[in-house]
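Trainee: Need coordinates for the below:
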Amino acid sequence: MKHGKKYVDSAKAVDYAKQYDSTEALDLVCKNAKAKFDETIEAHIRLGVDSRHADQQVRGAVVLPNGTGKTVRVCVFCKEDKYEAAQGAGAEFVGGQDLVDKIMKENWMDFDVVIASPDMMGLVGRLGKVLGPRGLMPNPKAGTVTPDVAKAVTEAKAGKIEYRLDKTNIIHCPIGKASFGAAKLEENFNTLMEAVVKAKPAAAKGTYLKSCTVTSTMGPGVPVATAKYGV
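Mentor: Take a look at the predicted model:
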């Protein structure tokens, strides 16, 4: 893959033989975010687990203290008695069968997070083939299936992110924008790392945190030392 001049110049500033302290790594990533837009900063965490086994799954959600810098559009499935609370918390779309029909018939997907009360999952389950592949299916582990839909909406708006393993046992998560600066990004990064460490499955053997890289949308990855997180 051919990279542009800015990427090549940025890559020269990274010592790939070194594992950077998180503060230094995020400072470097911010300096290398040279695009004309506010680049998203992401963490890519490789774990020593096997996602093919049910007892080695790592999945959950965490509220980043400084948010993600992204405006999140929330769609809520609940009974009518909770409409007002969900809307009051900031949900853009609230409904039931009407929203299911709109998604099924019009392929409508103008939202980033889906939240459902448990008594609506029979209905929302019909959308599994549509929402599942996009990672939007509500899930109790992620806190998106809950009786308290208003609280879930508030958390989503405040910067709650979901983390989960992909098929190669890597977690990919946004931790903010380049404009946040290294200090705020590090707060978010540490919060994510602590959550991932806490979610370590009992069946995981050997080194849990295999490697970690932070990167901006258009910039090179920077390796981060994970020893201080203790696993």
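
Trainee: Distance across stretch 125-141, terminal residue to terminal residue?
Mentor: This stretch, stretch 125-141, spans 16 Å end to end (Cα to Cα, to the nearest Å).

Trainee: By average pLDDT, which secondary structure element in the protein comes out worst?
Mentor: helix 5-12 (a mean of 72; mean pLDDT, DSSP states H and E).

Trainee: Only the buried residues of it, if you could.
Mentor: Tyr7, Ser10 (16 or more other Cβ atoms under 10 Å). (Each C-beta comes from the backbone N, C-alpha and C, glycine too.)

Trainee: after that helix, next one along is what?
Mentor: Downstream of helix 5-12, the next assigned helix or strand under DSSP states H and E is helix 22-32.

Trainee: got the CA coordinates for that following helix in CSV?
Mentor: Presented in CSV, the C-alpha positions along helix 22-32 are these (Å, rounded to 0.1, in the frame of the first residue of the first chain):
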residue,chain,number,x,y,z
SER,A,22,1.1,6.1,26.8
THR,A,23,1.7,9.8,27.5
GLU,A,24,4.5,10.0,24.9
ALA,A,25,2.7,7.8,22.4
LEU,A,26,-0.5,9.9,22.5
ASP,A,27,1.6,13.1,22.2
LEU,A,28,3.3,11.7,19.1
VAL,A,29,0.0,10.6,17.6
CYS,A,30,-1.5,14.1,18.1
LYS,A,31,1.6,15.7,16.4
ASN,A,32,1.3,13.3,13.5
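
Trainee: And it, what does it pack against?
Mentor: If you count contacts as 3 or more Cβ pairs under 8 Å, 6 or more residues apart in numbering; DSSP states H and E, helix 22-32 packs onto strand 40-47, helix 182-198, strand 209-216, strand 222-223.

Trainee: export the ones you listed to JSON lines and tack on mean neighbour count?
Mentor: Shown next, in JSON lines, are those (neighbours: other Cβ atoms under 10 Å):
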{"stretch": "strand 40-47", "mean neighbour count": "21"}
{"stretch": "helix 182-198", "mean neighbour count": "19"}
{"stretch": "strand 209-216", "mean neighbour count": "21"}
{"stretch": "strand 222-223", "mean neighbour count": "22"}
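
Trainee: before we move on, back to that, tell me the angle the least confident helix or strand of the chain makes with strand 209-216.
Mentor: 140 degrees (axes from the mean of the first three to the mean of the last three Cα atoms, to 10 degrees).

Trainee: Give me the residues contacting helix 5-12.
Mentor: His3, Asn32, Lys34, Ala35, Met218, Gly219, Pro220 (Cβ atoms under 8 Å, 6 or more residues apart in numbering).

Trainee: hmm, 6 Å instead?
Mentor: Residues from elsewhere that reach helix 5-12, judged by Cβ atoms under 6 Å, 6 or more residues apart in numbering: Asn32, Lys34, Gly219, Pro220.

Trainee: Check stretch 127-142 too.
Mentor: Taking Cβ under 6 Å, 6+ apart as the rule, stretch 127-142 contacts Arg59, Gly60, Ala61, Ile103, Val114, Ala116, Thr144, Val145, Glu162.

Trainee: which SSE is the fifth one in?
Mentor: I take that to be Val114. strand 113-116.

Trainee: Can you name every helix or strand that that strand contacts?
Mentor: strand 74-77, helix 149-158 (3 or more Cβ pairs under 6 Å, 6 or more residues apart in numbering; DSSP states H and E).

Trainee: which strands and helices sit next to the longest one?
Mentor: Right, the one you point to is helix 149-158. strand 74-77, helix 83-88, strand 113-116.

Trainee: May I see the buried residues of that helix?
Mentor: Val149, Ala150, Ala152, Val153, Thr154, Glu155, Ala156, Lys157.
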